[in-house]
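S.K.: structure of the sequence below:
(chains A and B)
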Amino acid sequence: MFDFLIQGFGVALTPLNLGLAFLGALLGTLFGALPGIGPINGIAILMPLAYTLGLPAESALILLAGIYTGSEYGGRMSSILLNVPGDAGAVMTTLDGHPLAKKGLAGPALGLSAVSSFIGASVAILGLTLFAPLLAIVAVKFGPAEFFALMIFAFASMSAMMGKDPLKTLIGAVLGVLISTVGVDSGTGVLRFTFDMPELYDGIDFVVMIIGLFAVSEILLMLEHAFRHDQDGEMAPIGRVMVKMSEVLYCKWAILRSSVIGFVIGVLPGTGASVASAVAYTTEKRISDHDNSFGTGNMRGLAAPEAANNASAAGSFVPMLTLGIPGSGTTAILLGALMLYNINPGPMMFREQPMVVGGLIASLYIGNVMLLLLNLPLAGVFARVLQVPRWLLVPSVAILAFVGVYQLHSDLMAIYLMLAIGVFGYLLRKFGFSLAPVVLGFVLGGLMEENLRRALSISGGDVGILFQSNLSIGLWIAAALVVLVPMFAGKLKAKFLPAAKPS
Amino acid sequence: MKLAADRILSLLLLGLAAFVAVQAWQLEVPFSYDPVGPKAFPLILSGLLAILAIVLFVRPGASGEWPTGALLLRLLFTMAVLGVYAALFINLGFLVTTALVSIIIAWLFGAAPVKAVVGGLLLAVGSYLLFTYGLGISLPTGSWIEPLLGSN
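M.R.: Numbering: from 1, shown residues only, chains lettered A, B, ... in the order given. Next up, the predicted model:
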């Protein structure tokens, strides 16, 4: 049953792939550390590079996955040192991480968070190794109706979990799905929403979409940020980065609990690191904050979100590799990268692409160890990256965005389209949307329509087929539950919590 | 009362939903065995979008901070610079356009002029060397340079 892993290590241990895993870990930590460039930007910018360099699919995926997991490590640095989260998954890390740094404990905070990141990722990678093959076996039974229900479940769990604005999460997802309908309709050959522009016949290109949406809009947001705030906060002195065994032991349950929470939330389709770290933090606060010290520099308050966001990154590979449904915004982009290689993500991938799947999972083990080794002694070096001035960083982002799109298309229209999408992305973010649902909608939209139509052509147009098998009924019920339970749980909690506060 | 940003957004989304519906309705469907066809999915989406937009209109959130005045000008100027970058990217070539754009952006982000010029030039040359020799990507050299090199 674990043949794929042995085979995978064979793939991951070749010199090229080892080097790429290392490069991914290094770049990922850098991208995560730089405020404003998160995993998605990093991957969006490097994906076309990996493709045009002619890397084989498994190597490209190893590089990009390394960037993803690495940036979950890197995001904590600016959270702790500057009180500015390096990416969305590191927001909760600021709450206790920065107070620790202000107490002069920046070094231990960086060390402890690196160790909890490592443990979180390790737990989740083990989980991935155990559960993915099992889920892949179940997934083969999925027909088009089940897939359609599964995608509905993905959007439902995303809108329920994405915290602050479920309505806008849904709207974003619908917009993403709508954008995916541009181009030739594969079923009938009809052109949809192309407005007689031949460039749009193949649909909006994935790379153009992602780079525009994330990198270009980020340039505008950084400009706005620089205009409103003259300077970033003072950087706390780091000192020696070290971990005491006693600190890790003090946090051991916090780390383990949060690792499991992070893994489970990562596996849920649609929800990623930001949700995982928020849930882990609030859970840990409820369980172990006896003296109300969370938020003032409690070690557990730092360890919990860091373990969770790294665990969720590894967990989100489970639905991606077994069902072809991304577990997070970033895996949605990795999925798009696979499609560039004409690999159809889905239940058959485990059987048809054992090199890719096994190689990726094996490289996660290797990359995780590399990341720990990189992040403990070199935290000081990475922290210096935070001082790269914006005026050098932003043109670099622009250059990478342009080169990324140009090398794939050598075409002006694609660059203009990227810029237009960038403005669109900027407006969305100003309106308070998060971009992950849009990307998820964009990536899943095509699959969703295809499966819906395939199901209905099997049944000759009878909608009943969508609710026929136990599996799809279960998925519909699960979709309803994830939306309804938090709504009622909120009300119940408000009623009972003051009386029965868990100690 | 100022119209909340979310209400404006909701009207825009309603407009988009209507536009999608009209466009989808006009699709000419050739004969096919597909009982659903290309119309249904966009129509469902536009209906869903319309409903969500109405909910948003009824329950708008906070408006957030929108750029005005000097900041808005800067943002527009940045987009214009990027647009010009795109327009000249192929004809003028990577090196020249990248240097110019990097200098302008660096200056927009508050770098002193000398720093901006040095930084922009270094970025352009450095990234050119990295991409061409390090990664083997062919970047546009610009159509003006070929006659100078005595193309062969």
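
S.K.: only C-alpha atoms for contact and neighbour calcs from this point on.
M.R.: Will do.

S.K.: for chain A, what spans make up the strands?
M.R.: With DSSP state E as the criterion, chain A has strands at A:183-184, A:191-192.

S.K.: out of the ones you listed, the one nearest chain B is which?
M.R.: Ranking those by distance to chain B, with CA to the nearest CA as the measure, places strand A:191-192 first at 7.4 Å.

S.K.: for whichever residue of the stretch 251-400 of chain A sits closest to chain B, which non-adjacent residue is closest in space?
M.R.: Closest approach between the stretch 251-400 of chain A and chain B, counting by CA to the nearest CA: residue A:391, at 4.3 Å. Once flanking residues are discounted, residue A:391 sits nearest to residue B:106: 4.3 Å by CA to CA, 6 or more residues apart in numbering or on different chains.

S.K.: who does the lengthiest helix in chain A touch, helix- and strand-wise?
M.R.: Ranked by residue count and defined by DSSP state H, the top helix of chain A is helix A:106-139. Packed against helix A:106-139, as judged by 3 or more CA pairs under 8 Å, 6 or more residues apart in numbering or on different chains; DSSP states H and E, are the following elements: helix A:57-82, helix A:93-100, helix A:245-250, helix A:252-267, helix A:299-315, helix A:317-323, helix A:354-375.

S.K.: mean confidence for the longest one?
M.R.: Throughout helix A:57-82, pLDDT has a mean value of 89.

S.K.: repeat that for the fourth one.
M.R.: The average pLDDT within helix A:252-267 is 93.

S.K.: output the below-cut-off pLDDT ranges for the chain.
M.R.: Since you didn't name a chain, this refers to chain A. Residues of chain A that meet the criterion pLDDT under 70 lie in A:1, A:36, A:162-164, A:230-234, A:489-503.

S.K.: wrong one, I was asking about chain B
M.R.: In the predicted model, chain B carries pLDDT under 70 at residues B:1-3, B:31-33, B:146, B:148-152.

S.K.: count of neighbours near the residue in it that chain A sits nearest to?
M.R.: Closest to chain A within chain B is residue B:106: 4.3 Å, counting by CA to the nearest CA. Using other CA atoms under 10 Å in any protein chain shown, residue B:106 has 25 other residues around it.

S.K.: which residues sit in contact with it?
M.R.: For residue B:106, the contact set (CA atoms under 8 Å, 6 or more residues apart in numbering or on different chains) comprises A:390, A:391, A:392, A:394, A:395, B:116, B:119, B:120.

S.K.: check contacts around the residue of the stretch 251-400 of chain A closest to chain B.
M.R.: B:105, B:106, B:107, B:108, B:109, B:110, B:111, B:116.

S.K.: shouldn't the second one be within a strand?
M.R.: No. Secondary structure assignment places residue B:106 outside any strand; it is helix (DSSP: H, G, I helix; E, B strand; the rest coil).

S.K.: one step back: export the helices and strands packed on helix A:106-139 as TSV, with columns for mean neighbour count and distance to chain B.
M.R.: What follows is these, written out as TSV (neighbours: other CA atoms under 10 Å in any protein chain shown; distance: least, CA to the nearest CA, whole Å):
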stretch	mean neighbour count	distance to chain B
helix A:57-82	30	14
helix A:93-100	27	22
helix A:245-250	13	41
helix A:252-267	27	26
helix A:299-315	35	27
helix A:317-323	28	22
helix A:354-375	23	23
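
S.K.: now the residue nearest to residue A:110 when sequence neighbours are not counted, what are its backbone angles?
M.R.: Across the structure, with CA to CA, 6+ apart as the measure, the residue nearest residue A:110 apart from its sequence neighbours is residue A:241 (6.4 Å). Comment: the main-chain dihedrals of residue A:241 come out as phi -90, psi 110, following degrees, to the nearest 10.

S.K.: residue A:382 is in contact with residue A:241, correct?
M.R.: No. Using CA atoms under 8 Å, residue A:241 and residue A:382 do not qualify as a contacting pair, with a distance of 12.0 Å.

S.K.: on that earlier part again, how near is the residue of chain B closest to chain A to residue A:219?
M.R.: In this structure, residue B:106 lies at 12 Å from residue A:219, with CA to CA, to the nearest Å as the measure.

S.K.: can you check which residues contact both of the two?
M.R.: In the contact map built from CA under 8 Å, 6+ apart, the residues linked to both residue B:106 and residue A:219 are residue A:394.

S.K.: write out the residues of the stretch 351-500 of chain A neighbouring chain B.
M.R.: Neighbours of chain B within the stretch 351-500 of chain A, by CA under 8 Å from any CA of the partner chain: A:390-392, A:394-396, A:399, A:402-403, A:407, A:412, A:415-416, A:419, A:430-432, A:449, A:453, A:456-457, A:460-461.

S.K.: 7 Å instead?
M.R.: Counting by CA under 7 Å from any CA of the partner chain, the positions of the stretch 351-500 of chain A adjacent to chain B are A:390-392, A:395, A:412, A:415-416, A:449, A:453, A:456-457, A:460-461.
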